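Q: Attaching a predicted model along with its sequence, questions to come.
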Amino acid sequence: QNLYERPGNKFVAGFLGSPQMNFIDGVLKKKNNGYCVQFAKKYELAVPAAKEDKKLANYVDKSGGYPVCGNTEVTYFPLGEDKYKAMLEELQKAQEFIFMEYFIIDDGEMWREIVKILLEKAKAGVEVRLLYDGMGSQFTLPFRYKKKLTDQGVKCLVFNPFRPMLSTIQNNRDHRKILVIDGNVAFNGGVNIADEYINLKERFGHWKDTAVMLKGDGVWNFTMMFLQMWEVISGDKTEYNMYRPTVKNVVNNGYVIPYGDSPLDDENVGELVYMDMINNAKDYIYISTPYLIPDNEMLTVLGYAAKSGVDVRIITPEIPDKWYVSVITRSFYRDLETLGVKVYEYKGGFNHAKMFLSDDKSAVVGTINLDYRSLYLHFECATYMYKTSCIKDIKADFDDMFENRCHRITHDDINNRSFWSRFRTIAPLL
């Protein structure tokens with residue numbers, strides 16, 4: 001099957017023809033002989049082994065275009081600085097290629113250390129490609145930075161460069177965070193490339209963020225996400241076989257589904273994965289999100305789970321990065337309390353982590369917030385994990401936050417801030 005004709009991979013169908021985007025006109029029709037489908041066949045036995053997750057795996061594969069993968073080791077990072085340390089170590093090992101796709105790249109200490117390695121690797125003959133969002137990085141990089149990097153051997157593209165005009169196209173941003181190294185290692189999570197994400201600079205108290213590192217066959221899904229987006233923007237053709245994973249027999253411990261979500265198809269993959277986890281939770285569902293602006297459907301499933309006896313907990317920031325989003329987030333606290341959902345705020349800092357965890361078995365770590373922009377307007381990505389060894393580390397991190405780093409919102413807290421609800425009407429704009 002043509003990978004570009006699989007629903008989740010029509011990344012810019014209808015979007016590309018926009019004159020503002022200046023991309024390729026129409027829907028991509030380039031065939032790739034079903035690379036993801038062929039690669040996924042060896043994992044067909046992994047899904048029936050987990051009957052309760054078979055429906056979700058089938059949905060993400062058939063409707064989203066992202067197959068289930070075994071033979072993948074996953075490492076969880078509870079802080080951005082932990083991810084950053086591992087990133088530097090893995091970048092230094094690169095031999096063949098480095099792919100980076102980020103929403104925000106800020107020209108600070110974090111980026112300077114990374115770009116130093118990128119330039120060294122490019123000079124040594126490693127293929128280095130960098131893709132960043134035109135809005136997210138508009139004011140954080142020097143003027144004509146793309147040309148500067150290109151002149152030094154780094155292939156560089158900007159997604160949807162910002163233009164001062166009234167256009168709904170500007171709402172569609174590349175919010176993904178992907179790093180792929182040699183096809184065998186990938187990073188994903190909420191951490192952008194800026195000093196506050198690793199607490200080198202304080203902006204909103206302590207910055208809490210999380211990420212995962214994949215090693216093995218699951219990296220292929222992220223490789224394909226990156227290459228498809230690159231082809232769409234550049235128009236260049238890619239020989240995908242050059243970038244396949246080469247590591248064999250990494251681990252046979254659970255399975256993963258690295259997946260993306262596009263605003264340009266008819267599938268709300270990000271939201272439906274979250275809803276599936278909530279609906280199938282039996283004991284608990286723990287959620288971490290910096291922006292909590294749920295629609296009616298999300299409120300309904302959260303309420304149903306809580307009323308059914310599931311322990312539903314949500315962590316939001318105490319110190320927001322955007323005051324107006326925080327006001328809207330807090331306007332939902334009364335509704336959630338009424339439904340039986342427990343809400344916590346991360347004390348003394350900004351919680352930017354986007355995570356779901358359920359019943360010590362399944363988890364998601366990625367870029368997808370619980371707000372309209374993430375669920376419907378942005379290009380996003382995440383990693384779904386089932387019975388991987390790192391689930392226990394994610395659970396330990398949630399337990400630590402609940403016990404030591406969060407304040408549970410009480411009925412008195414809500415009553416003392418009753419003015420929040422007045423701002424609910426602007427929620428869809430955020």
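A: That came in fine, so what should we check first?

Q: Downstream of the worst-scoring helix or strand of the chain on mean pLDDT, the next helix or strand is which one?
A: In the chain, no helix or strand scores lower on mean pLDDT, DSSP states H and E than helix 35-40, which sits at a mean of 45. Sequence-wise, the next helix or strand downstream of helix 35-40 (DSSP states H and E) is helix 51-59.

Q: and that following helix, C-alpha only, in CSV?
A: Provided in CSV are the C-alpha atoms of helix 51-59 (Å, rounded to 0.1, in the frame of the first residue of the first chain):
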residue,chain,number,x,y,z
LYS,A,51,-5.8,-8.7,23.5
GLU,A,52,-6.9,-5.6,25.5
ASP,A,53,-4.7,-3.4,23.3
LYS,A,54,-5.4,-5.0,20.0
LYS,A,55,-8.1,-2.6,19.0
LEU,A,56,-5.9,0.5,19.7
ALA,A,57,-3.0,-1.0,17.8
ASN,A,58,-5.2,-1.8,14.8
TYR,A,59,-6.7,1.7,14.8
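
Q: quick one: low-confidence parts of the protein?
A: The chain contains residues with pLDDT under 70 at 1-52, 138, 163-170, 252, 418-430.

Q: would you say residue 385 is within a strand?
A: Yes. The assignment for residue 385 by DSSP: H, G, I helix; E, B strand; the rest coil puts it in a strand.

Q: Could you report the neighbour count for it?
A: Close neighbours of residue 385, defined as other Cβ atoms under 10 Å, add up to 27. The C-beta positions use only the backbone N, C-alpha and C, and glycine is treated the same way.

Q: do residue 350 as well
A: For residue 350, using other Cβ under 10 Å, the count is 23.

Q: thought it was touching residue 202?
A: No. Look at residue 350 against residue 202 with Cβ atoms under 8 Å: they stay out of range, at 9.9 Å.

Q: Can you classify residue 179 as helix, strand or coil?
A: strand.

Q: packing partners for the helix or strand that contains residue 357?
A: For residue 357, the host element (DSSP H and E) is strand 355-358. Contacts defined by 3 or more Cβ pairs under 8 Å, 6 or more residues apart in numbering; DSSP states H and E place strand 355-358 against helix 269-280, strand 284-288, strand 362-366, helix 391-400.

Q: can we see that at 6 Å?
A: Strand 355-358 makes packing contacts with strand 284-288, strand 362-366 when contacts are defined by 3 or more Cβ pairs under 6 Å, 6 or more residues apart in numbering; DSSP states H and E.

Q: Dump those strands into TSV; add mean neighbour count and distance to residue 333 as well.
A: Output for the helices and strands packed on strand 355-358, formatted as TSV (neighbours: other Cβ atoms under 10 Å; distance: least, Cβ to Cβ, whole Å):
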stretch	mean neighbour count	distance to residue 333
strand 284-288	25	14
strand 362-366	26	23
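
Q: could I get those as TSV with distance to residue 113?
A: Listed next are these as TSV, based on distance: least, Cβ to Cβ, whole Å:
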stretch	distance to residue 113
strand 284-288	27
strand 362-366	23
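
Q: what's the closest of the ones you listed to residue 399?
A: strand 284-288 (9.1 Å; Cβ to Cβ).

Q: which outside residues touch the closest one?
A: 278, 311, 312, 313, 314, 315, 353, 355, 356, 357, 358, 398 (Cβ atoms under 6 Å, 6 or more residues apart in numbering).

Q: Which strands border it, and is each parallel or antiparallel?
A: If you go by DSSP bridges, strand 284-288 pairs up with strand 311-317 (parallel), strand 355-358 (antiparallel).

Q: one step back: keeping just the C-alphas, turn the strand holding residue 357 into CSV.
A: C-alpha atoms of strand 355-358 as CSV (Å, rounded to 0.1, in the frame of the first residue of the first chain):
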residue,chain,number,x,y,z
MET,A,355,2.1,12.0,29.6
PHE,A,356,-0.6,9.4,30.2
LEU,A,357,-0.2,6.3,32.4
SER,A,358,-2.7,3.5,33.0
